[in-house]
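A.B. asks: give me the fold of what follows.
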Amino acid sequence: MLTRNTSLLYTTIASPIGELLLLGDGRALHGLYMQGGRKPSAIAPSWRPARDAFGEEIEQLHEYFAAGRTSFEVPLAMRGTPFQLRVWRALQEIGYGETISYGELARRIGQPSAARAVGMANGCNPIGIIVPCHRVIGANGTLTGYGGGIERKRLLLDLEAGAREPQLALAGVQ
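C.D. replies: Numbers count the residues shown, from 1 in each chain. Below is the predicted model of the structure:
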């Protein structure tokens, strides 16, 4: 987890789901946050603006939102508990356009009774979109718990399902 004293580089970019904040160290991405969601990240005084440090990430995000990219190839530096890291690795194995339940994700990491803990770890994911926590849904198929807000989760899932044209026009939603 990032602290206010961590020296990182950052930039913000506009996207169809609102402003995104990217954090990194020049070698790997540490965070990707939806600034219009429930959990916007404040920029720490020690972080330095450096848009040019995120060229590859920005390009791949633009390709994703244009429905031209189905997976990401950027180095990630994720910090969390061993359990969180297992959940976040498993999230990266959920295919583009696929959704699974929290219970299924718990089964995939070998802890079938840990659906709630998986949900908590999912909610702490520091790299939204690229580590696709939006692909995890409730057991009954409902959209639940998303730091960017349920509407953004729906927009991302619709994009991946190929229904992006009418839905992404709603991207200004808070």
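
A.B. asks: from here on, contacts and neighbour counts on C-alpha atoms
C.D. replies: Will do.

A.B. asks: would you mind measuring from the spatially most central residue of the chain to residue 81?
C.D. replies: Nearest to the geometric centre of the chain sits residue 128, at 1.0 Å (C-alpha atoms, centre = their mean). Distance from residue 128 to residue 81, counting by C-alpha to C-alpha, to the nearest Å: 17 Å.

A.B. asks: and if you look at residue 73?
C.D. replies: For residue 73, the distance to residue 81 - C-alpha to C-alpha - is 23 Å.

A.B. asks: ok, residue 46 - how many residues close by?
C.D. replies: When neighbours are defined as other C-alpha atoms under 10 Å, residue 46 has 12 of them.

A.B. asks: pretty sure it contacts residue 8?
C.D. replies: Yes - contact status for residue 46 versus residue 8: in contact at 7.1 Å, counting by C-alpha atoms under 8 Å.

A.B. asks: using the three-state scheme, assign residue 86.
C.D. replies: helix (DSSP: H, G, I helix; E, B strand; the rest coil).

A.B. asks: count of neighbours near it?
C.D. replies: Neighbours of residue 86 under the rule other C-alpha under 10 Å: 17.

A.B. asks: identify the residues contacting it.
C.D. replies: By C-alpha atoms under 8 Å, 6 or more residues apart in numbering, the residues touching residue 86 are residue 109.

A.B. asks: quick one: it from residue 109, how far?
C.D. replies: Distance from residue 86 to residue 109, counting by C-alpha to C-alpha: 7 Å.

A.B. asks: what do you get for residue 97?
C.D. replies: Relative to residue 109, and taking C-alpha to C-alpha, residue 97 is found at 20 Å.

A.B. asks: next one: residue 57
C.D. replies: The gap separating residue 57 from residue 109 is 27 Å, by C-alpha to C-alpha.

A.B. asks: what do you get for residue 84?
C.D. replies: Counting by C-alpha to C-alpha - residue 84 and residue 109 are separated by 11 Å.

A.B. asks: so those two - more neighbours on which side?
C.D. replies: residue 84 (20 against 16).

A.B. asks: residue ranges in the chain under the pLDDT threshold?
C.D. replies: Residue ranges of the chain with pLDDT under 70: 1-6, 163-174.

A.B. asks: how does it divide into domains?
C.D. replies: Following automatic domain parsing, one gets these domains for the chain: 9-65, 82-168.

A.B. asks: check which helix or strand covers residue 155.
C.D. replies: Under the criterion of DSSP states H and E, residue 155 resides in helix 150-161.

A.B. asks: so residue 23 sits in a strand?
C.D. replies: Yes - the assignment for residue 23 is a strand, going by three-state DSSP.
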